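>>> build the 3D model from these lines:
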Amino acid sequence: MQVRSLEQAEENPKQIQQWINSVSELHKTRPPPTVQYTKNMPDIESLMQEWAPEMEDAFGQLALPGSDIDLPLGEYAKVICGLMDIPVYKLGNKKSIIEALHLLFSLYAEFKENPHFGRQKQATEPVEALKPNEEVNYMKIA
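You can find the predicted model right below:
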């Protein structure tokens, strides 16, 4: 990509738009950033595999721990990662939980972007709208 200055840029909106478009195209073709984890972590594809029917049934019957659980935030994050089969290694620093949370949020983003799960959610969940001034004591991530 060639970078140059543009004299009287305010009079050349076409060239500015061309440059913006070329930068956008460059970002689209760039591979996504990679993360080097300290220890081996499961890949996203293996984490996205369907659970055994027994696990699906258990998750349907059990309430997952909410934010009101009496645990420090780091311990709560370890519980959630454990439920998702994401290991949190003992490294003696906070890097381990950061790496596990990175994988957890990457997994979430992958599920959110996956059209299969979007259709499945639409088919099984009714849309819930909050009424104005309605009090909510939980956090819903959609």
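>>> drop to CA atoms for contacts and neighbour counts, all remaining ones
OK.
>>> quick one: which helix or strand includes residue 18?
helix 13-29 (DSSP states H and E).
>>> list the buried residues of that helix.
Under the neighbour-count criterion of 16 or more other C-alpha atoms under 10 Å, helix 13-29 has nothing buried.
>>> ditto for stretch 31-49
In stretch 31-49, counting by 16+ other C-alpha under 10 Å, buried: residue 41.
>>> for the record, mean pLDDT for it?
The pLDDT scores in stretch 31-49 average 85.
>>> moving C-terminal of the helix holding residue 18, what's the next helix or strand?
Following helix 13-29 toward the C-terminus (DSSP H and E): helix 44-47.
>>> contact partners of the helix holding residue 18?
residue 9 (C-alpha atoms under 8 Å, 6 or more residues apart in numbering).
>>> how far off centre is that helix?
How far helix 13-29 lies from its chain's middle: 27 Å, per C-alpha atoms, centre = their mean, to the nearest Å.
>>> stretch 74-83 too?
With C-alpha atoms, centre = their mean, you get 16 Å for stretch 74-83.
>>> using PDB, write out the CA atom coordinates for it.
What follows is stretch 74-83, C-alpha atoms only, in PDB (Å, rounded to 0.1, in the frame of the first residue of the first chain):
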ATOM      1  CA  GLY A  74     -11.100 -14.800  39.600                       C
ATOM      2  CA  GLU A  75     -12.600 -18.000  41.200                       C
ATOM      3  CA  TYR A  76     -15.900 -17.300  39.500                       C
ATOM      4  CA  ALA A  77     -14.100 -17.100  36.200                       C
ATOM      5  CA  LYS A  78     -12.400 -20.400  36.900                       C
ATOM      6  CA  VAL A  79     -15.800 -22.000  37.600                       C
ATOM      7  CA  ILE A  80     -17.300 -20.800  34.300                       C
ATOM      8  CA  CYS A  81     -14.200 -21.800  32.300                       C
ATOM      9  CA  GLY A  82     -14.300 -25.200  33.900                       C
ATOM     10  CA  LEU A  83     -18.000 -25.600  32.900                       C
END
